[in-house]
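**Student:** Just need the structure, nothing else, for what follows:
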Amino acid sequence: MLKDTRRFMTPDVSSLEKRVSRLRRLATKFKRAESAQNALLEISNIANAADSMEDFYQGIHSHLKKLIPADNFYIALKNQDQLELPFFLDEKDAHPTELYPDKNLSDMLKRGLTGYVLRTQKPLLCGEATAEQLTAAGEIEDLGSPCHQWLGVPIMHNGMAVGALVVQSYNPEVSYGDTEVELMVFICHHIAGVLERLRHHEQLELAIQQRTQELSQAYDKLKQEVYERRRAERLQRSLFEIADLATSNLDMHDFYVELHHIISHLLPANNCYIALLDQSSTILAFPFYVSQLSITPPEPRPLKDGLVEYLLRNRKPVLLAQKDIRHLIKQGEIYSKAPDLNHTETMQQWIGVPLLIQGEVVGALAVYSFSMDQKYQFKDLELLTFVSQHIATAIERKLATETLKRSNEQLEEMVQARTAELAQTNHELEKEISQRRRIEQKLIHDAKHDSLTGLPNRQMFMERLTDTFESRRFYKFALLFIDLDRFKIINDTLGHLEGDHFLIETAKRLNFCIRDQDLLARLGGDEFVILLDNLYDTEDAKEVAERILCELSRPFELSGQLFNSGASIGISLCDDPQQTSSESLLRDADTAMYMAKTRGKGCYVVFDEKSHQQMMHDLTLENDLRQAFESHQLRLQYIPVQDLNTNKLVALDAKPYWQHPRHGVLNYQQLAQLAEQASLQLELDRYVIELLNDEFDTLPLEADTLIHLCLSSQHLAYKHALRNLQNCLGSCRFAMDKLCLFFNEISLARDHNNHADGFESLRELGVNLGIADYGSGYSSMLTLSFLPISCLKLEAELANGIQSSRHRRLLTAIRHSAESLQLHLIADGVNSPEQRQKLQQLGICTVQGTAETIMPQSQDSIVCA
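**Tutor:** Residues are numbered from 1 along each chain as shown. I've put the predicted structure just below:
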């Protein structure tokens, strides 16, 4: 019976053993897959976190060693047609470049097992016997020390072998099998894309670095200007943040913390403190203190002879190195009476700036460093000195706010505690009322005066002017409207603080030019106005204007350097107050000032009705131009561009003109100037393109004749303007390669970035591009080399001055430069045979005149020079 039972049990046990064996194999396979997956995840993480390709290769090796023996490991990668070894680790052999210094690394790898794997694009597990067979067959050459086993797997990307991962064993006890091959193939399959992406990223970074270096060398000056502008913007932003802090609701601790953050954005301030004197100027407190060596701020103390006291005595910003501090200690300037205050042994540098409020030193701002790696410069001292006044003002306002807040709180407590003491309460209330009256009087004063210059503001000036009219005085008085020149340049280059200093100094100079009975006011920005009362003659107002122009023409000292400015002055006179009004008098002075600006600035203009009528005429002409666009009154004339050698027509330059019904023919220059005044440059250009589209089929063009169009650079300044230009060109019926668009060189120099981007976008349409009026001295050939242009059209003045030897040398230099850049050079303004002959001798054979024109067949013969 027992035998029968065993007989029936035996197959079940055998089946179970098979199942257990199969489960073990699956578990082993699962663990191997899990290990491979974890390795791939780690490799992916390394790819995202690696700072360099070397870190990525090191990460691949460290994780591969967890899966298979990989003490001898290298990575071979294709770089175009060359093989490289970005990572190599071997127990016996040195790097191939050291082992075979006279041989080419790529050729060696191609002739070895690595090249065999890349050619076959298949994994290779090779022992010594297999290596000998491949060597005997001429497939490989025997390189390096013989190994027990060599395993190489190709890294495939887009069906091509881009590299190989190789491990090898010199120890017979360490062998590879199908499992290792499968694992290596699996890893290569997944890291191929990552490797290619990292290599591409690294190559891109190298290309970017190389390109950046090239651009840096070409645009050093521009970068410096950008740096200074950004530095000024960062400084301006910090000043705004400091001003905002003064009115914030932060408590004093958070206020100083935020103030420290702002300073840290301007210069390193890991070690910083603010010291303030009390009201008696005998106790020094440290409301803010941060240090890398201590978190405990110093306690308030009487004035002694420390670094802060030295700064307060001298009232000047200082930058001290360790040797300077030791020198001061040796001379007895500091720490002679209080050596216990000396904790400067580890300091490397110390910057101290006194904090001044209303001209009095109230404390100090200090930053210092303990490390030789962190070095302050004098520009940091200048920057901190510049910011210190704003910091002092912010601290003053914040302390005043806190004082007022505490005063209000104390007043509330006193009112609640002393309700029974009515007399004392009334006394306190009277004091409060008196204080508020003073504040109210100050607010009334501030409401009618400019906070910067202290001059009357617009409101007070208009009240005084109105009173002057209402008094019905029967004598002359005048209004001078003054607008400062170059004020925006001062703000943009030197900063708003220096701009404020400029306005304050200007106000002082203007006050010097007028009498006590006259009124000087600031209307806002850089606009001032003067009411000259009780004049005897019109010449008196002119004399004051000339005196002002002379006074303002003297240089201003801003930021330690001299700066020249000037002003444009408009004068309006009132002979009879009953015949005019304050508003019209101010309007006439403003109009005269605008006319002075149009005449070149730095002058004055007396308002008269004739000048006013001229302005109205210009305004009417602008309105007529808008109507001319709608009624299609503008026409095109075509100026031929010829080759002097062959007399062949190279191109036609399309220029618009306008047969005005009252003012006759307005040529292209007049139209361009009028369109610029009316801000209609874009509309004029689109009108010309549409008209050219209509007339193109009527033009006498040969197969290789181009059409030249000079467009406004405003098309490139804004994305929507560029998009509209592209749409307008895209709607034309003729081929774009027949068109060459020219943009002014001066505009290119002012806004190179937008021109470069716009040129790339327009070039995609197929149009040719060129620079007009070249030779004004604004752009270098290096600048042009980065632009996708094909033509240079010279400024007409160069052709007019062809008799000058200097002009001829300049033209020769431009021709050589243009030829080196393969740019087609065109001389404009060529109208005489002598000019043509001279230019042909200089090698400039393509010319354009202004006297002769070609009209389309559909137009009448109207010639506009």
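**Student:** Give me the mean pLDDT for the helix or strand harbouring residue 209.
**Tutor:** Using DSSP states H and E, residue 209 falls within helix 178-218. Taken as a whole, helix 178-218 has an average pLDDT of 78.
**Student:** Give the next helix or strand downstream of it.
**Tutor:** Once helix 178-218 ends, the next helix or strand along the chain (criterion: DSSP H and E) is helix 220-246.
**Student:** Who are the packing partners of the helix holding residue 209?
**Tutor:** Contacts defined by 3 or more Cβ pairs under 8 Å, 6 or more residues apart in numbering; DSSP states H and E place helix 178-218 against helix 2-49, helix 53-64, strand 149-157, strand 160-169. Placement of C-beta: from N, CA and C, glycine included.
**Student:** Return the residues in contact with residue 812.
**Tutor:** Listed by Cβ atoms under 8 Å, 6 or more residues apart in numbering, the contact partners of residue 812 are 842, 843.
**Student:** actually residue 89, not the one I wrote
**Tutor:** By Cβ under 8 Å, 6+ apart, the neighbours of residue 89 are 61, 71, 72, 73, 74.
**Student:** so how many other residues sit close to residue 364?
**Tutor:** 24 (other Cβ atoms under 10 Å).
**Student:** dump the residue contacts of it.
**Tutor:** Remark: with contacts taken as Cβ under 8 Å, 6+ apart, residue 364 is in contact with 274, 275, 308, 311, 312, 352, 353, 354, 355.
**Student:** Where does residue 620 sit: helix, strand or coil?
**Tutor:** Assigned by DSSP: H, G, I helix; E, B strand; the rest coil, the conformation of residue 620 is helix.
**Student:** scratch that, residue 657
**Tutor:** Residue 657 ends up strand, using three-state DSSP.
**Student:** That one - how many residues pack around it?
**Tutor:** Around residue 657 there are 20 other residues, counting by other Cβ under 10 Å.
**Student:** Where does the nearest residue to residue 312 once chain neighbours are set aside fall, secondary structure wise?
**Tutor:** Excluding its sequence neighbours, the residue lying closest to residue 312 (Cβ to Cβ, 6 or more residues apart in numbering) is residue 361, at 5.5 Å. Using DSSP H and E, residue 361 maps to strand 360-369.
**Student:** which is the next helix or strand following that strand?
**Tutor:** For strand 360-369, the following helix or strand on the C-terminal side (DSSP H and E) is helix 378-417.
**Student:** who does the very next helix or strand once past that next one touch, helix- and strand-wise?
**Tutor:** Sequence-wise, the next helix or strand downstream of helix 378-417 (DSSP H and E) is helix 422-447. If contacts are counted by 3+ Cβ pairs under 8 Å, 6+ apart, helix 422-447 sits against helix 378-417.
**Student:** how about a cut-off of 10 Å?
**Tutor:** helix 378-417, helix 458-470 (3 or more Cβ pairs under 10 Å, 6 or more residues apart in numbering; DSSP states H and E).
**Student:** Mind listing what's buried along the strand holding residue 361?
**Tutor:** Across strand 360-369, burial judged by 16 or more other Cβ atoms under 10 Å covers 361, 362, 363, 364, 365, 366, 367, 368, 369.
**Student:** now stretch 333-346
**Tutor:** Quick answer for stretch 333-346 (16+ other Cβ under 10 Å): 333, 334, 335, 341, 344.
**Student:** And stretch 314-332, by the same measure?
**Tutor:** Under 16+ other Cβ under 10 Å, the buried positions of stretch 314-332 are 317, 318, 319, 320, 325, 328.
**Student:** any weak-confidence spans in the stretch 51-200 of the chain?
**Tutor:** Where the stretch 51-200 of the chain drops to pLDDT under 70, the residues are 51.
**Student:** that older thread, can you tell me which two in the buried residues of strand 360-369 are farthest apart?
**Tutor:** 362 and 369 (25.4 Å; Cβ to Cβ).
**Student:** how far out from the middle of the chain is the helix holding residue 209?
**Tutor:** With Cα atoms, centre = their mean, to the nearest Å as the basis, the distance from the averaged C-alpha position of helix 178-218 to the chain average is 30 Å.
**Student:** by how many degrees do that helix and helix 220-246 diverge?
**Tutor:** Using axes from the mean of the first three to the mean of the last three Cα atoms, to 10 degrees, the direction of helix 178-218 lies 100 degrees away from that of helix 220-246.
**Student:** Quick check, residue 60 in contact with residue 66.
**Tutor:** No: judged on Cβ atoms under 10 Å, residue 60 makes no contact with residue 66 at a distance of 11.2 Å.
**Student:** Compare the two (neighbour count), which wins?
**Tutor:** Higher neighbour count among residue 60 and residue 66: residue 60, with 25 against 11, using other Cβ under 10 Å.
**Student:** contacting residues around the more buried one?
**Tutor:** 39, 42-43, 46-47, 50, 70, 73, 75, 87, 165, 187, 191, 194-195 (Cβ atoms under 10 Å, 6 or more residues apart in numbering).
**Student:** switch the cut-off to 8 Å
**Tutor:** Contact partners of residue 60, counting by Cβ under 8 Å, 6+ apart, are 43, 46, 75, 87, 165, 191.
**Student:** Which one (most neighbours) among those?
**Tutor:** Using other Cβ under 10 Å as the neighbour test, the contacts of residue 60 are led by residue 165, with 26 neighbours.
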